[in-house]
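**Q** everything below, folded, please.
(one chain, ligands or ions: 2)
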Amino acid sequence: MPMNPDLEKERQGGTFDVEQLTHILDGGRDKTLKRHFLEQEVLKDPVFRGPDTRFLSREELFGELLRKHVAVIKKTQELSIDDINEASTIYSAAMNNNVGPLTLHSVAFVAPLDLMADDEQKKKWLIPAKKYEIIGCYAQTELGHGSFIRGLETRADYDVNTQQFVLNTPTETAIKWWVGGCVAVGDIGPKFGFGGVDNGYLCLNNVRIPRDNLLAKTGKVLEDGTYVKPENPKVVYGSMLGIRAALPKVGAYNLSKAVTIAIRYSCVRHQSEIKPGCGEPQVLDYQTQQHKLFPLLATAYAFHTVGVWMLDFHSTVMNEINEGHYHRLAEDHVLAAGLKAVINWKTHEGIEICRFSCGGHGYSLASSLPVIYVNHVANSTAEGETVILLLQTAVYLMKCVIDLEQGTPLDPSVAYLDQSFSKSEQWCSDVDMHSLLKAIQFRSKKFTEYVSSFVKKELMATGNQQLAFNKHKVILVECAKAHTEAVIMNAFVTKVDEILQSNPSVGKVLSLLCQIYGVTEILAHSGDYIQYEYLRKIDLDNIQDQLFKLYTYIRPEAVLLVDAFDFHDEVLKSILGRYDGQVYENMFKWAKASPFNKQDQGTFRKYIQQLKQAKL
Ligand SMILES: CCCCCCCCCC/C=C\CCCCCCC/C=C/C(=O)SCCNC(=O)CCNC(=O)[C@H](O)C(C)(C)COP(=O)(O)OP(=O)(O)OC[C@H]1O[C@@H](n2cnc3c(N)ncnc32)[C@H](O)[C@@H]1OP(=O)(O)O
Ligand SMILES: Cc1cc2nc3c(=O)[nH]c(=O)nc-3n(C[C@H](O)[C@H](O)[C@H](O)COP(=O)(O)OP(=O)(O)OC[C@H]3O[C@@H](n4cnc5c(N)ncnc54)[C@H](O)[C@@H]3O)c2cc1C
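**A** Numbering: from 1, shown residues only. Ligands and ions are numbered 1, 2, ... in the order given. Coordinates of the predicted model:
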């Protein structure tokens, strides 16, 4: 199919090599080539062809995705794929923006076995689980409790005579609920999205399991019922930590898809007139459209950068823990908590902005933006609700203030809290990314000190830390967000500095995106900068001008920047986001193919006929 002339023209501009940026995003040219190979292994294999999942009922969708997920597993086994990133490539190429039915087996059943099973148990369960000889799920949440783990009611009473645990969900609120991939007892019913996953309920009534079913790498129960505590009790939370550490990159992936669709479509879509008689411009030429999408384009790159960094950091900490060193577990937990919370929340807002920036066609499943949205938003609740996780980060920051007062060294990711910040010169409209980072770190430091003063005062008055925290939860959450933004910006600036050395042309365009991210973040909280006397009105006016100027620099690069995400059309599965931009012809073809247009109109006639018989 010929290329849409608008997109053809967009691809003749640009100042950087798209392929080199794709290699950077993938982690190197070899990784890109391997990803292409794996995608083609899926796209050329007829077993992965099937009905357009956007036209399927929930039952049909579950069945089709289960069929494809099994094919994904067979393909990874056939190709001897062990690497989770490579497995995810095959999975994403097959799932058409859905979450597959066996995802929880991989991310929430196999992972804890790997983390907490002893060698015997690994032989018994981990090896068959990795081969899908046993399929598992993660049944923690109950009808009455999800966030408050210490409030869970399920019981596991030890029967010393039989060396067994007797499992019970003693009350209705104790019923295990939301259990992804729980094909045993029952499905909890239709959901907002996640239609590919059968989230189930599980009632336990005197279910007996052997003593050695308790994963014993950390804590264990001896034959006489004595409980041997893990060296560090927090390791039992490790499986949640692992998924949280992975979710920032999942958020970046989903936002990158949405931005690719919205920016390509915004170049194809012509609407209204700027100068009468001069034809309808591309909607991406409107400043308002750029203001919707370019900060999100910058955000997708920022989130990808920090998502890769978080996974590397978490993997290092897990290796240290395997050698018995727990000193970075707390920092790992609060970084994963803050990044998972902020990135997934801002991503779901971003996908929605991408959807309505495409007008009516964004609302059609032909765009796939609604599909990406409803499957993504779960990540702001699942695996730790946003506020819950931000409070974890906030409590850690309050401890950092005390550490500072006591002269205790801080963890690297919060070292900036011990720095002094000053800004004397007036900002013009070309503030560099390092100055923007300093400003964002300054705000986080000031906010942390401000919130800590309130919590301390409350603690002095009540002597109860939980009460003190509970009274200031709103500003504690904002404090955690401010810190997390400092972590994101720091990761982005650090990566761009590195790329400026290795590939100046790519680095330059990324530094523009980094400035857009930083300026947008500062303008979103301009009141704080005035209140803390870090910025004046003239500074804010100047960086507002800078933002609009940056949009003009990014405009000719925008399509190339989303092309660099390198989503194959069959992976993106969006008519608005097609690489060739042939939207209208394919929208019409897609609509005509809808089963709804094929079904017998008998129903329509039957009921309308009643009206005709009535005396209207
Ligand atoms: C071949 C096929 C290949 C397929 C490949 C798959 C590819 C997948 C691609 C991705 C596609 C789609 C993505 C979807 C995947 C995601 C699906 C998600 C499904 C959802 C699952 C779930 O939701 S499971 C249930 C999750 N539940 C929660 O998160 C509960 C939240 N609540 C809590 O964590 C705790 O209650 C809370 C932390 C809030 C409170 O803990 P508590 O003990 O009550 O009290 P505290 O004082 O706060 O904490 C005590 C101390 O422990 C520290 N701490 C707390 N949590 C942790 C942790 N996780 N790690 C380490 N430390 C922790 C805390 O800091 C305290 O420490 P202190 O020093 O004592 O202060
Ligand atoms: C798509 C999806 C898949 C899931 N898959 C699984 C799974 O496979 N296995 C599993 O075990 N669970 C699963 N879950 C459950 C998930 O882990 C919980 O929904 C999540 O932990 C939130 O807990 P909750 O539902 O009890 O919400 P609640 O904690 O009841 O939250 C309700 C509101 O109360 C607020 N709140 C609660 N506590 C506090 C507090 N201390 N301070 C301030 N505000 C508070 C929250 O911020 C929120 O606004 C899944 C959920 C979803 C949506």
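
**Q** wait, what's in contact with the most centrally placed residue in the chain?
**A** Residue closest to the average C-alpha location in the chain (Cα atoms, centre = their mean): residue 251, at 2.3 Å. Each residue near residue 251 by Cβ atoms under 8 Å, 6 or more residues apart in numbering is listed here: 303, 307, 340, 343, 344, 346, 347, 376, 379. All C-beta spots, glycine's among them, are computed from the backbone N, C-alpha and C.

**Q** try it again at 6 Å.
**A** Residue 251 is in contact with 303, 343, 344, 347, counting by Cβ atoms under 6 Å, 6 or more residues apart in numbering.

**Q** so what's the first one closest to, chain neighbours aside?
**A** Distance criterion Cβ to Cβ, 6 or more residues apart in numbering; nearest residue to residue 303, sequence neighbours excluded, is residue 252 at 3.6 Å.

**Q** ok, now how distant is the one you found from residue 311?
**A** With distances taken as Cβ to Cβ, to the nearest Å, residue 252 is found 11 Å from residue 311.

**Q** shouldn't residue 208 be within a strand?
**A** Yes - membership of residue 208 in a strand is supported by DSSP: H, G, I helix; E, B strand; the rest coil.

**Q** confidence score at it?
**A** Residue 208 carries a pLDDT value of 92.

**Q** partners of the closest residue to it other than its chain neighbours in the sheet?
**A** Excluding the flanking residues, the one nearest residue 208 by Cβ to Cβ, 6+ apart is residue 164, at 4.6 Å. In this entry, residue 164 is beta-bridged to residue 159, residue 210, by DSSP bridges.

**Q** can you pull the contacts of residue 207?
**A** Contact analysis of residue 207 by Cβ under 6 Å, 6+ apart lists residue 167.

**Q** next: residue 203.
**A** Listed by Cβ under 6 Å, 6+ apart, the contact set of residue 203 reads 169, 175.

**Q** how close does it get to residue 210?
**A** 21 Å.

**Q** count the residues that sit near residue 19.
**A** 13 (other Cβ atoms under 10 Å).

**Q** now check the helix or strand hosting residue 309, is it near ligand 1?
**A** Using DSSP states H and E, residue 309 sits in helix 287-322. No - using Cβ under 6 Å from any ligand atom, helix 287-322 stays clear of ligand 1, coming no nearer than 9.9 Å.

**Q** just how off-centre is that helix within its chain?
**A** The chain centre lies 9 Å from the centre of helix 287-322; the measure is Cα atoms, centre = their mean, to the nearest Å.

**Q** swap in stretch 44-59?
**A** 24 Å.

**Q** now do that stretch, average pLDDT.
**A** The average pLDDT for stretch 44-59 rounds to 95.

**Q** ok, is the helix or strand harbouring the residue nearest to the centre of the chain in contact with ligand 1 or not?
**A** Secondary structure assigned from DSSP H and E places residue 251 in helix 238-268. Yes - residues of helix 238-268 contacting ligand 1 under Cβ under 6 Å from any ligand atom: 240, 241, 243, 250.

**Q** tell me the pLDDT of the nearest residue to residue 479 once chain neighbours are set aside.
**A** Distances taken as Cβ to Cβ, 6+ apart place residue 451 nearest to residue 479, at 4.5 Å, with adjacent residues excluded. Note on residue 451: pLDDT of 96.

**Q** and the host helix or strand of residue 451, which residues are buried?
**A** Element membership for residue 451, per DSSP H and E: helix 433-462. Neighbour-count burial for helix 433-462 flags 433, 435-448, 451-452, 455, 458-459 (criterion: 16 or more other Cβ atoms under 10 Å).

**Q** the residue nearest to residue 208 and residue 210: what is the separation?
**A** Distance, residue 164 to residue 210, using Cβ to Cβ: 6 Å.

**Q** likewise for residue 405?
**A** From residue 405 to residue 210 the distance is 50 Å (Cβ to Cβ).

**Q** for whichever helix or strand comes after the helix holding residue 451, which helices and strands make contact with it?
**A** As assigned by DSSP H and E, the chain's next helix or strand after helix 433-462 is helix 465-471. Packing partners of helix 465-471 (3 or more Cβ pairs under 6 Å, 6 or more residues apart in numbering; DSSP states H and E): helix 433-462.

**Q** the helix it packs on packs against which elements?
**A** helix 386-406, helix 465-471, helix 473-502, helix 504-524.

**Q** and residue 57, which of these is closest to it?
**A** Residue 57 lies closest to helix 386-406 among the helices and strands packed on helix 433-462, at 30.8 Å (Cβ to Cβ).

**Q** what's the spacing between stretch 357-374 and its chain's center?
**A** Mean C-alpha position of stretch 357-374 versus that of the full chain (Cα atoms, centre = their mean) differs by 18 Å.

**Q** meant to ask about stretch 6-24, not that
**A** 26 Å.

**Q** element containing the residue lying closest to residue 389 once chain neighbours are set aside, please.
**A** If the residues on either side of it in the chain are set aside, residue 389 comes closest to residue 337, at 3.8 Å by Cβ to Cβ, 6+ apart. Here residue 337, judged by DSSP H and E, is contained in helix 329-356.

**Q** ok, then the element right after that helix?
**A** Taking DSSP H and E, what comes next after helix 329-356 is helix 359-363.

**Q** quick check: next helix or strand after that following helix?
**A** Immediately after helix 359-363, counting by DSSP H and E, sits helix 369-376.

**Q** now could you export just the CA positions of that next one as PDB?
**A** Taking Å, rounded to 0.1, in the frame of the first residue of the first chain, the C-alpha atoms of helix 369-376 are listed here in PDB:
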ATOM      1  CA  LEU A 369      -6.400   3.300  22.100                       C
ATOM      2  CA  PRO A 370      -9.400   2.200  24.300                       C
ATOM      3  CA  VAL A 371      -8.000  -1.400  24.300                       C
ATOM      4  CA  ILE A 372      -4.500  -0.100  25.400                       C
ATOM      5  CA  TYR A 373      -6.200   2.100  28.000                       C
ATOM      6  CA  VAL A 374      -8.600  -0.400  29.700                       C
ATOM      7  CA  ASN A 375      -5.800  -3.000  29.900                       C
ATOM      8  CA  HIS A 376      -3.300  -0.500  31.200                       C
END
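
**Q** residue 156 should be in a helix, yeah?
**A** No - the assignment for residue 156 (three-state DSSP) gives strand, which keeps it out of a helix.

**Q** local confidence estimate at it?
**A** 95.

**Q** quick check: it vs residue 138, distance?
**A** Distance of residue 156 to residue 138, computed by Cβ to Cβ: 16 Å.

**Q** between these two, which has more neighbouring residues?
**A** Between residue 156 and residue 138, counted using other Cβ under 10 Å, the more crowded position is residue 138 (22 against 15).

**Q** and the contacts of residue 251, which is closest to ligand 2?
**A** For these, the residue nearest ligand 2 by Cβ to the nearest ligand atom is residue 344; the value is 11.6 Å.

**Q** and the stretch 51-200 of the chain, which residues reach ligand 2?
**A** By Cβ under 6 Å from any ligand atom, the residues of the stretch 51-200 of the chain that approach ligand 2 are 104, 108, 138-141, 145-147, 178-180, 194, 199.

**Q** which of these ranks first by neighbour count?
**A** When neighbours are counted by other Cβ under 10 Å, residue 179 leads these with 27 neighbours.

**Q** tell me who's in contact with it.
**A** By Cβ under 6 Å, 6+ apart, the residues touching residue 179 are 137, 139, 200, 202.

**Q** dump the residues you listed into TSV; add secondary structure, pLDDT and distance to residue 396 as well.
**A** Shown next, in TSV, are the contacts of residue 179 (DSSP: H, G, I helix; E, B strand; the rest coil; pLDDT from 0 to 100; distance: Cβ to Cβ, whole Å):
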residue	secondary structure	pLDDT	distance to residue 396
137	coil	92	30
139	coil	93	28
200	strand	91	34
202	strand	92	33
